[in-house]
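Undergrad: with the sequence up front, the predicted model follows.
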Amino acid sequence: MFSIVGIVVVIGAILGGYLMEHGNLKVLVQPAELIIIGGAGLGTLLVANPLPVIISLLKSVLGVFQPDKYNKARYLTALKMLNELFRRARKEGLSGLENDVEEPENSEFFKKYPEILKNHHTLHFICDTLRTAMAGTVSHFDLDQLIELDLDVHHKEVNQPVQALSSVADSLPGLGIVAAVLGIVITMSALGGPPEELGRKVAAALVGTFLGILLCYGFLSPLAANMGRLNEAESHYYHCLRTGLIAFIRGAAPILAVEFSRRSIPSAVRPSFKEMEEAFRAKVEQIAA
């Protein structure tokens with residue numbers, strides 16, 4: 001929502017200031033300049049990145065205009081899931097979770113948490129961690145290192161679209177100059193013509209530079225920064241899961257392991273201890289009913 005508001009503010013401020021100086025909007029409508037800059041920018045994206053990264057980039061851009069996924073409600077769901085999971089493991093042993101871990105898509109336990117079930121990476125992250133812990137030959141320190149390696153690989157993968165968009169954004173001012181130079185070449189070939197015609201060609205050439213700079217600093221660079229912020233929010237979410245899992249495997253009581261998870265949540269979206277207790281109580285009542 002705020003991304004859309006920001007785009008409207010950028011466009012409104014630029015056009016508003018331009019009109020205040022009695023600028024002519026028709027001069028800014030230069031389809032040829034936009035084709036040169038936009039087409040060349042798209043070409044650099046295709047040259048520098050494989051198809052999976054481009055597809056991920058499109059999905060990530062769409063994600064910027066959607067509500068934040070990692071809010072307080074999502075963290076409460078994660079804490080409820082960890083609490084129930086740890087209590088079962090304390091009662092039945094880790095081996096009691098074997099069927100849920102081996103076939104999580106068919107697990108009645110995970111079906112109670114559709115948000116987690118639909119996110120395949122989150123689901124496999126939890127199950128792979130528990131599966132490794134069930135082996136009984138891995139220390140909690142080594143397991144923590146394995147998790148860190150997994151998260152590091154995932155973080156680099158989700159940041160590839162951000163780097164791709166940032167590279168395209170950085171190229172746009174240069175491509176704007178290319179469009180402007182081409183416009184000047186056309187202008188030079190028309191020397192000797194009417195002054196009005198020369199003025200229009202020079203204006204069209206300068207619009208190329210304007211578009212390149214505006215698209216870079218007004219749109220694509222902020223979009224890349226927002227995508228990076230969303231990736232950081234996802235990293236915080238996985239850090240919350242990691243903290244609770246390692247605390248429990250290290251021997252902490254279920255409620256203490258969940259509290260480790262809660263304390264690792266960023267303060268802006270961290271549920272209070274009372275909110276967490278109420279969520280647990282509601283879950284128990286729901287199961288009992």
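TA: Nice, thanks for sending it over. For clarity, every value in this text was computed on a predicted model and none was experimentally measured.
Undergrad: Lys26: how many residues sit nearby?
TA: 7 (other CB atoms under 10 Å). Every C-beta, even on glycine, is put in place using the N, C-alpha and C of the backbone.
Undergrad: buried ones in whichever helix or strand it is part of, by neighbour count?
TA: Under the criterion of DSSP states H and E, Lys26 resides in helix 25-28. Buried residues in helix 25-28, counted by 16 or more other CB atoms under 10 Å: Leu28.
Undergrad: for Phe248, what are its contacts?
TA: 82, 86, 89, 254, 257 (CB atoms under 8 Å, 6 or more residues apart in numbering).
Undergrad: for the residue nearest to the first one when sequence neighbours are not counted, give me its contacts.
TA: Ranked by CB to CB, 6 or more residues apart in numbering and with sequence neighbours excluded, the top spatial neighbour of Leu82 is Gly244, at 4.7 Å. Going by CB under 8 Å, 6+ apart, Gly244 touches 79, 82, 86, 257-258, 260-261.
Undergrad: now, which of the contacts of Phe248 sits nearest Val9?
TA: Leu82 (40.4 Å; CB to CB).
Undergrad: centre-most residue in the protein?
TA: Leu230 (3.5 Å; CA atoms, centre = their mean).
Undergrad: and it, what helix or strand is that in?
TA: helix 221-249.
Undergrad: which ones among the contacts of Phe248 are found in helices?
TA: Using DSSP state H, the subset of the contacts of Phe248 located in helices is 82, 86, 89, 254, 257.
Undergrad: the third one and Val101: what is the separation?
TA: Read that as Ala89. Here the criterion is CB to CB, to the nearest Å. By it, Ala89 lies 10 Å from Val101.
Undergrad: find residues that contact each of these two.
TA: By CB under 8 Å, 6+ apart, Ala89 and Val101 have these common neighbours: Leu130.
Undergrad: next secondary structure element downstream of the lengthiest helix in the chain?
TA: Longest helix in the chain, counting residues (DSSP H): helix 140-189. Using DSSP H and E, the next helix or strand after helix 140-189 towards the C-terminus is helix 195-214.
Undergrad: how about residues contacting that next one?
TA: 14, 27-28, 30, 32-34, 36-37, 172-184, 186-187, 190-191.
Undergrad: coming back round to it: buried subset of the contacts of Phe248?
TA: Judged by 16+ other CB under 10 Å, buried ones among the contacts of Phe248: 82, 86, 89, 254, 257.
Undergrad: ok, of these, which one's closest to Thr122?
TA: Nearest to Thr122, judged by CB to CB, of the buried ones among the contacts of Phe248 is Leu82 at 11.9 Å.
Undergrad: distance from stretch 140-149 to the middle of the chain?
TA: Chain-centre distance of stretch 140-149: 24 Å, with CA atoms, centre = their mean, to the nearest Å.
Undergrad: quick one, what contacts the closest residue to Leu146 other than its chain neighbours?
TA: Nearest in space to Leu146, with sequence neighbours left out and distances taken as CB to CB, 6+ apart, is Thr132 at 6.5 Å. With contact set as CB under 8 Å, 6+ apart, Thr132 has these partners: 138, 143, 146.
Undergrad: looking at those, state which has the most neighbours.
TA: Highest neighbour count within those: Leu143, with 19 neighbours (other CB under 10 Å).
Undergrad: that one contacts Ala135, doesn't it?
TA: No: Leu143 is beyond contact range of Ala135, at 9.6 Å (criterion: CB atoms under 8 Å).
Undergrad: that older thread, chain center to the helix holding Leu230, what's the gap?
TA: 10 Å.
Undergrad: repeat that for stretch 138-149.
TA: Per CA atoms, centre = their mean, the centroid offset for stretch 138-149 relative to its chain is 26 Å.
Undergrad: what does it contact?
TA: Contacts of stretch 138-149 from elsewhere in the structure, counted by CB under 8 Å, 6+ apart, are 125, 129, 132-133, 242, 245-246, 249-250.
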